[in-house]
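In: just need the structure, nothing else, for what follows:
(chains A and B, ligands or ions: 2)
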Amino acid sequence: MSGGQHFKVAIIGGGPAGIGVAVGLAKRGIGPVVLIERRAGVGGTPMGYRKKPGGVPTFVEWTRGRVVFGEELAGRMAKRLAKTDTTIRLSAQVTQIDPAEKRLTLLGREGVCDVTADAVVLAAGAREQTPAEKGWLAGARTARIGFTRHITGWLDGHGLLPARKPVVVGSDLIAYSVAAKLRAAGSDEPVMIDRRRSPSAGLFERLFFRRWTRPDWSGDVTAAGIKGDRSAAGVQSSDGQDWHGDGVMICGELVPNTELALLGGLAVELPSRQLQLARGQALSEPGWFAAGNVLGGFHGAQWCYFNGRQAARRVANFLK
Amino acid sequence: MTQFGTWQPKIRGKLFYNWPQGACEEALRFTSAGQLGGEPYDVVIVGAGVVGCGLAYRLSQYDLRVLLVDRLHDVGEGTSKANSALIHSGYDAKPGSLESKLLHEAEADWPGLAARLKIPLDPIGGIMMAVTDEQERQLEAAEKNAHANRAIDVRILSAAEIREREPNASPDVRGGLLVPSESLVDPFMASIAYAEIALANGVDILLGADIAGVELGQPPGAPLHHLVTADGPRLPARRIVNAAGLGSRRLADGYGGGAFDINPRRGQFLLFDKSARPLVQHILLPVPTAHTKGVLVAPTIFGNLLAGPTAEDLPLNDPAATHTTVEGIRRVLEGGSRLVDGLARQPVIATYAGARCACSQGSYVIRHNDGAPGIVTITGVRSTGLTASISLARHLIDGMQKELGLELSPDSAALDSRPDSAWPGWWRRPFENGATDARADHGCAVCFCEVISGGEIRAALDSPLKPRTMDALKRRTRVLSGRCQGFDCQVSLAEIVSGHTGIGMAQLTKNGPGSELVAPGQAEFTA
Ligand SMILES: Cc1cc2nc3c(=O)[nH]c(=O)nc-3n(C[C@H](O)[C@H](O)[C@H](O)COP(=O)(O)OP(=O)(O)OC[C@H]3O[C@@H](n4cnc5c(N)ncnc54)[C@H](O)[C@@H]3O)c2cc1C
Ligand SMILES: Cc1cc2nc3c(=O)[nH]c(=O)nc-3n(C[C@H](O)[C@H](O)[C@H](O)COP(=O)(O)OP(=O)(O)OC[C@H]3O[C@@H](n4cnc5c(N)ncnc54)[C@H](O)[C@@H]3O)c2cc1C
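Out: Ligands and ions are numbered 1, 2, ... in the order given. Next comes the predicted model:
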């Protein structure tokens, strides 16, 4: 274990929020700052949604009435980050935190090392809920239960369809973009179910995706479990109905990545895994802050970037 | 300093997968019985659960031609992969029964055995907790029964003593029974380590091959039988051990085995995230009722917490035997909450169910020369087979010597352990404990939840049993078993497997053909 390097501020996560923090701190002349990202590049979740000519935008953000692909959006943010003096540690995962000491343990190519800081910002993002977290308790543990990230990975990366007769669970923007992407790649018109009565995506968003998909929609359906023994054959609902397919796509409804906080002893609400905020974006231990989707809920990438900028302001006040 | 790398012993046994073309490397693919060499086997074990693997491990110490065959796509993929993962002391067995004897012997075996297999074992001990007056009254009898099972260290605890040891024990706790020698174990690696050593010692292993029937040989002498796989190839055997668990009835019908009735007794579990682990310090057991042992709450050796199991009898061959149900999981949470305060608010990672092989004729039913000379049936290994796997193997070999005329001469070259460098293993990680000689790719996490690196995954792929499915990798490295359940890593993991083995992305499976990760029947096109 190498001796810990000390920074003024350490940022965990290089998505839109983490980048926003770094840019905000640079504007205020605060440094040295380290940004730690476990993937090979910065940009976070949107970076995985690549721009392809004529492709279906899986990740959509409307900027001045124009659709921006995730990769474009995150790319612009990464450019702003590159203009700062931030130390960037890629392919390095924070595996443990010591809140009182403001110490982070990192695992990277060179092995394990520690980093300390005067203030730390948690910008670790969010992931989609698993079947167990959704309360789907019935059935077997099968293949082909997919998340949005898998769709882009399999389709964009390898030209492989995760399902031919997909059952999409959820009805927000993400769910519609997934349905569009699958349909455009040759799947049947997806079955789409949600416990909500009407789709949670807005009319404008649904109209946008009509070019590719008109999902076979059913509202008021509470999923209770997966059908099938070895591969997913659909979803069973709590009232005993079956929704058949050859793969289930779980879309939307995010869970914040708060495990570092939870296992490190910062205040986290259970079982929701929501961070308990002292005030603003400040966490239960002084000098700890959070920004972006790790705060819970679903926020677009732009919002997260500006939320990161705001966190930088709060960090600056704390350091004064 | 620890040398990191895969255990690559000199492997004397042959390993094949009965898989369609493309599902694994051609060199691993089983296409004809000729690949196994024409000579009859001295013993063929049908069923590579923990019982079959333990037996193969013990038989591999002798000069014998042995084959271990299973219809699933890894060893230990049946009942042996979905249980409470405990080494039982047998304190609650029926005194004088074979089960009691085997558990008592196994208890003495396990510390040394785990050290030889290089698998983690944690003797944290158990506490049986009485939460009603009536249950409290049963403690004395339970203590007496434990002592009759030679578990002499078992003793009664007062409510205050329990609270001191278990601050989160239910406020209803009246008293309990301390069972010091209950332990946590890695249930997956038990079967795997047994089989790896057996393979190294020359046992042949054939996976993915369903034994559909038996052609009986004709006496006199030791007749030559043939096991017939569902796809046709015939496997010659002088002796057959039916260790097929829930498949034992169907297999026994193929050789005219004696009467026994089995059915799956389903046990459902809830698995909690690591934040729940500090809630308990021991394995917390309920006071059993006449019908069931009840729902326990126990840490896992991986640092999670589990609650379960239920006990629900289902008909034989019901596919729902390993499904969970809303009602079952509700009962698990209720049962667990009777023992531990605050369980219900802990985040759940997953639910799962296992199927005990319940036999109306009792547990550990063993028949020699069953249906025909040279055939052994072992069935009804219901609730304690993981623990007893080692003592049962010895007991079975004794029986085969006495009843089947099996002659044993020790193989002086045989290994009885995996070496210190046996790796990968989630419990001995690169970059841990000053192990700085790890490669750079050991620091690059692919699975972020359990922090498993690409290097570890590649090393697991190279390990002796050549695991080729996602579930097989999961049991060896813990990829995909964390809180995100593959959200972050599924595709990058598949890329590593495909890149390292040459298996096409579209052919990769969760647990063998029929469980492809993408819609089946596609060819990958590279953009
Ligand atoms: C499946 C999905 C689809 C979405 N689709 C849309 C969409 O169509 N339109 C839209 O506007 N928004 C969408 N969003 C939301 C969008 O992703 C977020 O608004 C934005 O990316 C959040 O920024 P963030 O920085 O908070 O988190 P992220 O972008 O997730 O970045 C967090 C970063 O932290 C890193 N990290 C986490 N833990 C650690 C650690 N321990 N050590 C080191 N690094 C760590 C992660 O690798 C990641 O790069 C989607 C989100 C998801 C999950
Ligand atoms: C809910 C639950 C909790 C438990 N808790 C514990 C515990 O804490 N501690 C403990 O010691 N024990 C426990 N057990 C018991 C233990 O899991 C079993 O006793 C043990 O796994 C049985 O192993 P086995 O090898 O007999 O069966 P299995 O693992 O089922 O192996 C049988 C194998 O035979 C194969 N097979 C079947 N038919 C054929 C065929 N025709 N051709 C080829 N192959 C075939 C199957 O594919 C299977 O792999 C528990 C069990 C359950 C269900």
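In: only the buried residues of stretch B:298-305, if you could.
Out: Across stretch B:298-305, burial judged by 16 or more other Cβ atoms under 10 Å in any protein chain shown covers B:298-302, B:304-305. Bear in mind the C-beta positions are built from the backbone N, C-alpha and C, glycine included.
In: is ligand 2 contacted by it?
Out: No - under the criterion of Cβ under 6 Å from any ligand atom, stretch B:298-305 makes no contact with ligand 2; the nearest approach is 8.3 Å.
In: now do that stretch: distance to the chain's middle.
Out: 16 Å (Cα atoms, centre = their mean, to the nearest Å).
In: distance between the ends of that stretch?
Out: 6 Å (Cα to Cα, to the nearest Å).
In: contact partners of that stretch?
Out: B:84-86, B:120-122, B:124, B:126, B:184-186, B:271-274, B:276-277, B:279-280, B:283-284, B:297, B:306, B:346, B:349, B:426-427, B:478, B:481 (Cβ atoms under 8 Å, 6 or more residues apart in numbering or on different chains).
In: please repeat the previous calculation with a cut-off of 6 Å.
Out: B:85, B:120, B:122, B:184, B:186, B:271-272, B:274, B:276-277, B:283, B:306 (Cβ atoms under 6 Å, 6 or more residues apart in numbering or on different chains).
In: kindly write the PyMOL command that selects the buried subset of those residues.
Out: Per 16+ other Cβ under 10 Å, the buried members of the contacts of stretch B:298-305 correspond to this PyMOL selection:
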select buried, chain B and resi 85+120+184+186+271+272+274+276+277+283+306
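In: from the contacts of stretch B:298-305, which ones fall inside strands?
Out: Per DSSP state E, strands hold the following members of those: B:122, B:184, B:271-272, B:283, B:306.
In: I'd like to know which of these is nearest to ligand 1.
Out: residue B:272 (20.6 Å; Cβ to the nearest ligand atom).
In: show me what the closest one is bridged to.
Out: Note on residue B:272: beta-bridge partners by DSSP bridges are residue B:305, residue B:348.
In: burial count for residue A:246?
Out: Counted with other Cβ atoms under 10 Å in any protein chain shown, residues neighbouring residue A:246 total 23.
In: so what's the residue in the stretch 101-250 of chain A that ligand 2 sits nearest to closest to, chain neighbours aside?
Out: Here the stretch 101-250 of chain A gets closest to ligand 2 at one residue, residue A:230, 13.2 Å apart by Cβ to the nearest ligand atom. Counting by Cβ to Cβ, 6 or more residues apart in numbering or on different chains, residue B:515 is the residue found nearest to residue A:230 once chain neighbours are left out, at 4.3 Å.
In: picking up where we left off before, of the contacts of stretch B:298-305, closest to residue B:67?
Out: residue B:186 (25.9 Å; Cβ to Cβ).
In: the closest one contacts residue B:122, doesn't it?
Out: No - under the criterion of Cβ atoms under 6 Å, residue B:186 makes no contact with residue B:122, lying 9.6 Å away.
In: residues contacting the residue in the stretch 201-320 of chain A positioned nearest to ligand 1?
Out: Ranked by Cβ to the nearest ligand atom, the top residue of the stretch 201-320 of chain A for proximity to ligand 1 is residue A:292, at 2.3 Å. Neighbouring residues of residue A:292 by Cβ under 6 Å, 6+ apart: A:17, A:123, A:304, A:307.
In: spatially central, which residue of chain A would that be?
Out: residue A:126 (3.8 Å; Cα atoms, centre = their mean).
In: show me which residues of chain A sit near ligand 1.
Out: A:12-18, A:36-39, A:44-46, A:59-61, A:93-94, A:123-126, A:128, A:148-149, A:173-174, A:177, A:254, A:257, A:260, A:292-294, A:299-301, A:304.
In: give the buried subset of those as a PyMOL selection command.
Out: The buried residues among the residues of chain A next to ligand 1 can be selected in PyMOL (16+ other Cβ under 10 Å) with this line:
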select buried, chain A and resi 12+13+14+15+16+17+18+36+37+38+39+44+45+46+59+60+61+93+94+123+124+125+126+128+148+149+173+174+177+254+257+260+292+293+294+299+300+301+304
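In: next step: the residues of chain A next to ligand 1 restricted to strands.
Out: A:12, A:36, A:61, A:93-94, A:126, A:128, A:254.
In: which among these gets closest to residue B:505?
Out: Looking across these and measuring by Cβ to Cβ, the closest to residue B:505 is residue A:128, at 21.7 Å.
In: beta partners of the closest one?
Out: Going by DSSP bridges, residue A:128 forms beta bridges with residue A:254.
In: please enumerate the strands of the stretch 51-200 of chain B.
Out: Taking DSSP state E, counting those that start in this stretch as the test, the strands found in the stretch 51-200 of chain B are B:66-70, B:86-87, B:121-122, B:126-130, B:155-158, B:175-179, B:183-185.
In: quick one: closest of these to ligand 2.
Out: Across the strands of the stretch 51-200 of chain B, closest to ligand 2 is strand B:86-87 (Cβ to the nearest ligand atom), at 3.5 Å.
In: is any part of the closest one close to ligand 2?
Out: Yes - Strand B:86-87 comes into contact with ligand 2 (Cβ under 6 Å from any ligand atom), by way of residue B:86.
In: name the nearest residue to residue B:206, sequence neighbours excluded.
Out: residue B:69 (4.5 Å).
In: contacting residues around residue 197?
Out: Using chain A. Contacts of residue A:197 (Cβ under 6 Å, 6+ apart): A:219-220.
In: wait, I meant chain B there
Out: Counted by Cβ under 6 Å, 6+ apart, residue B:197 has contacts B:57, B:415.
In: if I look at it, how far off is ligand 1?
Out: When distance is defined by Cβ to the nearest ligand atom, to the nearest Å, residue B:197 is 37 Å away from ligand 1.
In: from the stretch 201-350 of chain B, which residue is nearest to ligand 1?
Out: Closest point on the stretch 201-350 of chain B to ligand 1, by Cβ to the nearest ligand atom, is residue B:274, at 14.3 Å.
In: what of the stretch 51-200 of chain B?
Out: For the stretch 51-200 of chain B, Cβ to the nearest ligand atom, closest residue to ligand 1: residue B:120, 25.2 Å.
In: isn't that residue up against residue B:427?
Out: Yes - judged on Cβ under 6 Å, residue B:120 makes contact with residue B:427 at a distance of 4.6 Å.
In: overlap of the contact sets of these two?
Out: Joint contacts of residue B:120 and residue B:427 (Cβ under 6 Å, 6+ apart) do not exist.
In: name the nearest residue to residue B:106, ignoring sequence neighbours.
Out: Residue B:106 sits nearest to residue B:391 (Cβ to Cβ, 6+ apart), 4.3 Å away.
In: now do the one you found, the pLDDT please.
Out: As predicted, residue B:391 sits at a pLDDT of 98.
In: what about it, how many neighbours?
Out: 22.
In: confirm it sits in a strand?
Out: No - the secondary structure assignment for residue B:391 gives helix rather than a strand, going by DSSP: H, G, I helix; E, B strand; the rest coil.
In: what separation do you get for it and residue A:112?
Out: 41 Å (Cβ to Cβ, to the nearest Å).
In: next: residue B:518.
Out: 36 Å.
In: and what of residue A:137?
Out: Distance from residue A:137 to residue A:112, by Cβ to Cβ: 38 Å.
In: was I right about residue B:202 contacting residue B:13?
Out: Yes - using Cβ under 6 Å, residue B:202 is in contact with residue B:13, at 4.9 Å.
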